[in-house]
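In: Have a look at this prediction, sequence included:
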Amino acid sequence: MTSLKLLFSRRFGSMFTCMALGAFNDNFYKNALIIITTYSLAAHMGIEAATLLSVASAAFILPFFLFSGLAGEFADHFPKHRMVRALKATECALIVLASLALISQHSWSLLLILFLLGVQAAFFGPTKYAILPELLEKEELLHGNAMIEGGTFLSILLGTLVGGLLILQPHGTHIVAAALLIAAALGMWAAWRVPETRVMKRE
């Protein structure tokens, strides 16, 4: 099967879409937050912009250090399609809160939600790779892993670029909030299209 056919198959395409939209949303929100931090939130909170930018960056990266090991254990012990759906539902709930916080520009809530999105992403990372052997044939795994890896970096790039551009537009916070909700809803739809899998028992 060619990479294009694999991408349009339900068993891989749904997982790819779910992953890509999640990576896009994380970085879309993070960069939008960094931009408004630089322009307005730092002054509002009475903190230097450079300090707040460092805090925002750490808030998203720290969960990967804290929870990646635990995330791998979860991915190994639960049906992975259920993990995908539960994590996407968590993402949707956080995105709703993020949208409200963006519109109200509630500073500490924005940072807390960024941290929680980092936790969600830390748990989703091992799951998206662990589920592939259960969705793909052995000869498809090389293509599947390459497409997941490439799609992740492309989504990060697009989210970073678009988040920075849209937040600076008139009514940018409302535009970003709406875009976040749409991407999260599409990701949830894709998650429920991921075929059911079983826990792979070890010998």
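Out: Perfect, thanks for sending it. Numbering: from 1, shown residues only.

In: so the residue nearest in space to the middle of the chain is in which element?
Out: Closest residue to the average C-alpha location of the chain: residue 22 at 3.1 Å, with Cα atoms, centre = their mean. According to DSSP states H and E, residue 22 maps onto helix 10-36.

In: Also residue 182?
Out: Taking DSSP H and E as the criterion, the element that holds residue 182 is helix 172-193.

In: quick check: mean pLDDT across the helix holding residue 22?
Out: Helix 10-36 shows a mean pLDDT of 87.

In: now stretch 173-184
Out: Confidence for stretch 173-184, expressed as mean pLDDT, is 91.

In: Would you mind pulling the contact partners of the helix holding residue 182?
Out: Outside helix 172-193, the residues within contact range by Cβ atoms under 8 Å, 6 or more residues apart in numbering are 10, 14-15, 17-18, 21-22, 24-25, 28-29, 32, 36, 84-85, 87-89, 91-92, 95-96, 98-100, 102-103, 105, 162-163, 166-167, 169. Backbone N, C-alpha and C define where each C-beta goes, glycine included.

In: Give me the buried entries from the residues you listed.
Out: Taking 16 or more other Cβ atoms under 10 Å as the criterion, what is buried in those is 14-15, 17-18, 21-22, 24-25, 28-29, 32, 36, 84-85, 87-88, 91-92, 95, 98-99, 102, 162-163, 166-167.

In: mind listing what's buried in the helix holding residue 182?
Out: Residues 172-173, 175-177, 179-181, 183-184, 186-188, 190-191 are the ones in helix 172-193 that count as buried (16+ other Cβ under 10 Å).

In: between the residues you listed, which is closest to residue 157?
Out: Compare each of those with residue 157 using Cβ to Cβ and the shortest gap goes to residue 183, at 15.0 Å.

In: Would you quantify the distance from the closest one to residue 171?
Out: Residue 183 sits 18 Å away from residue 171, going by Cβ to Cβ, to the nearest Å.

In: Over to residue 106?
Out: Applying Cβ to Cβ to residue 106 and residue 171 gives a distance of 18 Å.

In: the more surrounded of these two?
Out: For residue 106 versus residue 171, the count of surrounding residues by other Cβ atoms under 10 Å is larger for residue 106: 15 against 11.

In: ok now do that one, which residues does it touch?
Out: Contacts of residue 106 by Cβ under 8 Å, 6+ apart: none found.

In: ok, it to residue 96 distance?
Out: With distances defined as Cβ to Cβ, the gap from residue 106 to residue 96 amounts to 14 Å.

In: Tell me the helix or strand right after the helix or strand of the chain with the lowest mean pLDDT.
Out: The least trusted helix or strand in the chain, going by mean pLDDT, DSSP states H and E, turns out to be helix 42-45, with a mean of 59. Scanning forward in sequence from helix 42-45, with DSSP H and E defining helices and strands, the next element found is helix 49-77.

In: List the buried residues for that following helix?
Out: If you call a residue buried by 16+ other Cβ under 10 Å, then helix 49-77 has these buried ones: 49, 52-53, 56, 59-60, 63, 67, 71-72, 74-75.

In: Output the contacting helices and strands for that helix.
Out: Counting by 3 or more Cβ pairs under 8 Å, 6 or more residues apart in numbering; DSSP states H and E, the packing neighbours recorded for helix 49-77 are helix 10-36, helix 42-45, helix 107-130.
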